[in-house]
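Peer 1: coordinates for the following, if possible.
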Amino acid sequence: MTAFNQDEFVAFLVRAKHATYASEGGAMIVDSLLPGAHQLEYAADRFSYRDIYYGQLHFAGQEMVFYDGNPIWSMVYAGGMLDESASLGGFLKAAMRQVSADRPFRGPESFRDGDYAYTDASHGAVDRFWGVEVITFQERAIYDLRYQGGFVR
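Peer 2: Below is the predicted model:
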C-alpha cells in the first residue's frame with residue numbers, strides 16, 4: 001500500500017465529503033466516467049476523492065480515495081427511500097455536513113432537525129468498517145442506507 005499519513009488522509013476525507021454531496025452550494029459535479037451515473041470529485045494536495053452513484057430514490061454507489069493516483073480507501077453504499085411519497089428536503093445533506101474525523105464514514109451517530117431524525121450505527125474504524133443509517137420523519141422510518149469499506153491493499 002502507498003505510504004501516507006493517516007491523520008492527513010482522514011482530514012482530507014472529511015473535507016471531500018463536505019465539498020461534494022454535503023455541499024451547501026454547487027457540489028463538485030463532473031461528467032461521469034460511467035453511463036447514467038452521477039459523479040462528484042474533490043482533490044487537494046496528493047489526495048483525490050471520487051463518488052460515483054446510480055439512482056435517486058433508491059441508489060447504489062462507491063466512494064474512492066486516491067493518493068498520488070493510487071487507490072487507498074473505498075466505501076460502497078446502497079439504500080434509499082422506504083416511503084417514496086416522503087421528502088428529505090435538505091435534511092440528509094445537513095446530516096452529512098456533520099461528518100467528523102472520529103467517524104468519517106457518513107453522518108453523526110444522531111442528528112435532529114424538527115420532525116426529522118438521523119441515526120447512524122457504525123462498527124469498526126476507518127481502515128475497516130460497516131454501518132447502517134436511518135432517517136425518520138415524525139418517528140416513522142422513511143429512508144435507510146447500508147455501507148461498508150476501508151483501506152484497499
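
Peer 1: what separates stretch 41-49 from the chain centre, distance-wise?
Peer 2: How far stretch 41-49 lies from its chain's middle: 15 Å, per CA atoms, centre = their mean, to the nearest Å.

Peer 1: between the two ends of it, what distance do you get?
Peer 2: Start-to-end span of stretch 41-49 (CA to CA, to the nearest Å) is 5 Å.

Peer 1: what does stretch 63-78 give?
Peer 2: Across its full length, stretch 63-78 reaches 12 Å between end residues, using CA to CA.

Peer 1: residues in contact with it?
Peer 2: 1-2, 4, 9, 12-13, 16, 46-51, 53, 59-62, 105-106, 126, 145-152 (CB atoms under 8 Å, 6 or more residues apart in numbering). Glycine gets a C-beta too; all of them are placed from N, C-alpha and C.

Peer 1: again, only this time at 7 Å
Peer 2: With contacts defined as CB atoms under 7 Å, 6 or more residues apart in numbering, stretch 63-78 is touched by 1-2, 4, 9, 13, 46-51, 59-62, 105, 145-152.

Peer 1: can you list the low-confidence ranges for the chain?
Peer 2: 1, 24-27 (pLDDT under 70).

Peer 1: what helices and strands are in contact with the top helix by length along it?
Peer 2: For the chain, the helix that runs over the most residues, judged by DSSP state H, is helix 6-19. Counting by 3 or more CB pairs under 7 Å, 6 or more residues apart in numbering; DSSP states H and E, the packing neighbours recorded for helix 6-19 are strand 38-44, strand 47-54.

Peer 1: tell me the buried residues in that helix?
Peer 2: Using 16 or more other CB atoms under 10 Å as the test for burial, helix 6-19 gives 9, 10, 12, 13, 14, 16, 17, 18, 19.

Peer 1: from the contact counts, what lies against the helix or strand just after that helix?
Peer 2: Proceeding C-terminally, helix 6-19 gives way to strand 29-30 as the next helix or strand, assigned by DSSP states H and E. With contacts defined as 3+ CB pairs under 7 Å, 6+ apart, the secondary structure elements packing on strand 29-30 are strand 38-44.
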